[in-house]
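Asks: My questions concern the predicted model and sequence given below.
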Amino acid sequence: MAVEHRQIWEVHDRYGHRLYMTTERWQHVLKQRPWLVEHLDDVLETLRQGRRKQDPMDPAKYKYSRRGEALFPEYNHLVVVVRFSEAVDPQGRSVPNNYVVTAWAVFRYSRS
């Protein structure tokens with residue numbers, strides 16, 4: 001029986017929150033948007049340095065975005081969706097469980 005290798009990437013955002021993305025979520029992103037295959041580091045950097053906006057319809061969901069020059073010419077920003085929740089650790093304490101749901105690239109026109 002084959003054992004699935006599960007990798008988790010953990011980062012802290014600019015606000016101090018611990019966020020993570022699993023291999024399963026990264027594969028989900030690539031299934032929908034295979035052109036992002038070379039941009040894992042950009043996605044993680046978007047989580048570290050990007051600005052975030054809370055979803056007005058779902059206060060537990062945030063969209064992180066960051067400009068990405070490596071995405072030109074079709075796109076110029078990455079958007080990464082994170083769900084903020086809590087889990088119970090082995091000691092029975094409530095701990096943050098902030099995980100990536102999905103990511104995509106967009107083209108945003110300058111406001112200048």
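Replies: Received, thanks.

Asks: Residue 7: how many residues sit nearby?
Replies: When neighbours are defined as other C-beta atoms under 10 Å, residue 7 has 9 of them. For every residue, glycine as well, the C-beta is placed using N, CA and C.

Asks: try residue 20
Replies: By other C-beta under 10 Å, 16 other residues sit near residue 20.

Asks: where's it, which helix or strand?
Replies: Assigned by DSSP states H and E, residue 20 belongs to strand 18-22.

Asks: Output the helix or strand just after that strand as PDB - backbone C-alpha positions only.
Replies: Using DSSP H and E, the helix or strand that follows strand 18-22 in sequence is helix 23-32. What follows is helix 23-32, C-alpha atoms only, in PDB (Å, rounded to 0.1, in the frame of the first residue of the first chain):
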ATOM      1  CA  THR A  23      -0.200  19.700  -0.900                       C
ATOM      2  CA  GLU A  24      -3.800  18.800  -1.500                       C
ATOM      3  CA  ARG A  25      -4.700  22.500  -1.800                       C
ATOM      4  CA  TRP A  26      -1.800  23.300  -4.000                       C
ATOM      5  CA  GLN A  27      -2.800  20.400  -6.300                       C
ATOM      6  CA  HIS A  28      -6.300  21.900  -6.300                       C
ATOM      7  CA  VAL A  29      -4.900  25.300  -7.500                       C
ATOM      8  CA  LEU A  30      -2.900  23.600 -10.200                       C
ATOM      9  CA  LYS A  31      -5.800  21.500 -11.400                       C
ATOM     10  CA  GLN A  32      -7.800  24.700 -12.000                       C
END
